[in-house]
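[1] have a look; sequence and predicted model below, questions after that.
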Amino acid sequence: MYRPEKYKKDDKKFVFSFIRENPFATVIMNGNRLMATHLPVLIEGNEAEWQLYSHLANHNEQAALVKDGSEALIIFHGPHSYISSSWYKEKDISTWDYTAVHVNAQVKLQTREELENSLENLVKQFEKEQDSPLYYGDIPKPMLDEHLPLITGFWLQPVKVEGVAKLHQSYPKHDVEAVVENLNSSGNCMKEELGKAIKNENKIR
């Protein structure tokens, strides 16, 4: 991944938190051609030591590549937006601010028990905020028995991890403040999240 030095974000706290907060990822693998699937990819462990896990449908063409020892590139996307140079005090070139984490990982297939535990954790994470959550254990067993053979669960052991945060570092304070103000007043949730990230990165009060 292209990462100028000032945009590198490899500290363990950033990476771990970023993956937890942005779990919908792009999983890329190489067979006869490059293939990608968009999947929820969860993280377990702690900042010092962690692994990822996910699952995909067996009728997905990419499932044939999911084998023990195969390699995958997982891309986690954070908020991003076009930044207009019309917001600056002086004329300049427009740009795009964004955050992302790339993880090169080795695949390890899950057992049936591991897959069920992973699904239970996944459902729990995303259902817990619902008014009337439907947890994994609430799903009828015949339905689970019918669907589990149709998916493959897998672990992703990180081999290389790279984080990037292009958040207007080194720009004049007045331009950074103008960028944050325009993003926050956009009415767009993603732009507002990016505005918060730029504000925190540049320590703007």
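    On my side now, so go ahead.

[2] can you give me phi and psi for the residue nearest the centre of the chain?
    The chain has F76 as the residue nearest its centroid, 2.6 Å off, counting by Cα atoms, centre = their mean. With angles defined as degrees, to the nearest 10, F76 sits at phi -100, psi 130.

[3] then E127?
    phi -90, psi -20.

[4] per-residue confidence for it?
    Here, the pLDDT recorded for E127 equals 93.

[5] what's the distance between it and M143?
    Distance from E127 to M143, counting by Cβ to Cβ, to the nearest Å: 16 Å. (Glycine included, C-beta is placed from N, CA and C.)

[6] again with K166
    K166 is 44 Å from M143, where distance means Cβ to Cβ.

[7] between the two, which has more neighbouring residues?
    Neighbour totals were compared for K166 and M143, and K166 leads with 20 against 9 (other Cβ atoms under 10 Å).

[8] next up, the contacts around that one.
    By Cβ atoms under 8 Å, 6 or more residues apart in numbering, K166 lies in contact with Y7, T95, W96, D97, Y98, T99.

[9] in terms of helix, strand or coil, where does the closest residue to the residue nearest to the centre of the chain other than its chain neighbours fall?
    Closest residue in space to F76, ignoring its immediate chain neighbours: V101 at 4.5 Å, by Cβ to Cβ, 6 or more residues apart in numbering. Under DSSP: H, G, I helix; E, B strand; the rest coil, V101 falls in the strand class.

[10] list the beta-bridge partners for V101.
    Bridge pairing for V101 (DSSP bridges) gives the partners F76, G163.

[11] same deal with H38?
    Taking DSSP bridges as the rule, H38 bridges to T26.

[12] again, but for L52
    Applying DSSP bridges, one finds that L52 bridges with I43, L156.

[13] these two touch, right, it and F154?
    No: the criterion here is Cβ atoms under 8 Å, and L52 misses it with F154 at 9.2 Å.

[14] which stretches of the protein form helices?
    Assigned by DSSP state H, the chain shows helices spanning 12-21, 112-127, 141-147, 173-184, 189-201.

[15] ok, residues contacting the lowest-mean-pLDDT helix or strand in the chain?
    Lowest on mean pLDDT, DSSP states H and E among the helices and strands of the chain sits helix 141-147, with a mean of 92. Applying Cβ under 8 Å, 6+ apart, the contact partners of helix 141-147 are E116.

[16] could you rerun that using 10 Å?
    Residues outside helix 141-147 that contact it (Cβ atoms under 10 Å, 6 or more residues apart in numbering) are A57, E116, L119, Y136, G137, I139, P140.
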